[in-house]
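**Q** sequence plus the predicted model coming up.
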Amino acid sequence: MAFAQPMPMPMPMHPGSMRADSPATASAARDGRVPVAFPPALKREVLATMRMHLQGLAQIQQAMAQGRYDEAARFASMTLGMSSMHGDQAQREARYMPPGMRALGQRLHMQAGRFALAAQDATATGDTRKPQQLFGQMMQTCVACHASYRLK
């Protein structure tokens, strides 16, 4: 299954630095990502979930940098794994997602599960290459989704 590659987009150095006539503003107007509309309450939940995922990635990276792969595995399971979705949240969100966005979300959650297992193995074996590789794949999946889709 092919997914859109990340698109380079000029970004301002600081959010307050954008002027109405700046190249970044013009770039935002030409944003080629697919807009995805969620009902307002569900959109807030989706954004909160994305922030939780981002926090989880930061926690995983910090734990790996400190050699605490068992902790990295726990963070992956709690914040990115299939069990990170609560109740019927995944089904409610999926109804509004284009198929490619839904596939990227599923991919991320499955990658998080594989990462957690590899990180637990690294705790026992000391071989950290596999979890590092899987962490990179999780990041690439996030980048691909955010480069392809935007919430309206």
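**A** All right, it came through fine. Numbering: from 1, shown residues only.

**Q** number of nearby residues for the nearest residue to residue 107 once chain neighbours are set aside?
**A** Distances taken as Cβ to Cβ, 6 or more residues apart in numbering place residue 141 nearest to residue 107, at 5.3 Å, with adjacent residues excluded. Just so you know, the C-beta spots here come from the backbone N, C-alpha and C atoms, and that holds for glycine as well. Residue 141: 22 surrounding residues under other Cβ atoms under 10 Å.

**Q** for residue 141, list the residues it contacts.
**A** 104, 107, 108, 111 (Cβ atoms under 8 Å, 6 or more residues apart in numbering).

**Q** for these, which one is nearest residue 137?
**A** residue 111 (5.5 Å; Cβ to Cβ).

**Q** check the closest one and give its pLDDT.
**A** Looking at residue 111, its pLDDT is 96.

**Q** could you do the one 5 residues further on as well?
**A** According to the model's per-residue confidence, residue 116 sits at a pLDDT of 97.

**Q** run the chain-centre distance for the helix or strand containing it.
**A** Take DSSP states H and E as the rule and residue 116 turns out to sit in helix 99-125. Helix 99-125 has its C-alpha centroid displaced from the chain centroid by 11 Å (Cα atoms, centre = their mean, to the nearest Å).

**Q** show me what counts as buried in it.
**A** Within helix 99-125, the residues that count as buried by 16 or more other Cβ atoms under 10 Å are 100-101, 104-105, 107-109, 111-116, 118-123.

**Q** likewise for stretch 51-66?
**A** So for stretch 51-66, counting by 16+ other Cβ under 10 Å, buried means 53, 56, 57, 59, 60, 63, 64.

**Q** can you flag which of those belong to helices?
**A** Among the buried residues of stretch 51-66, the subset assigned to helices under DSSP state H consists of 53, 56, 57, 59, 60, 63, 64.

**Q** how about the second one, what does it touch?
**A** So the one you mean is residue 56. Residue 56 neighbours (Cβ under 8 Å, 6+ apart): 75, 76, 78, 79, 80, 84.

**Q** sorry, back to before: for the very next helix or strand once past the helix holding residue 116, buried residues please.
**A** Once the chain leaves helix 99-125, the next helix or strand it forms, by DSSP H and E, is helix 129-148. Residues 130-132, 134-135, 138, 140-142, 144-145, 147-148 are the ones in helix 129-148 that count as buried (16+ other Cβ under 10 Å).
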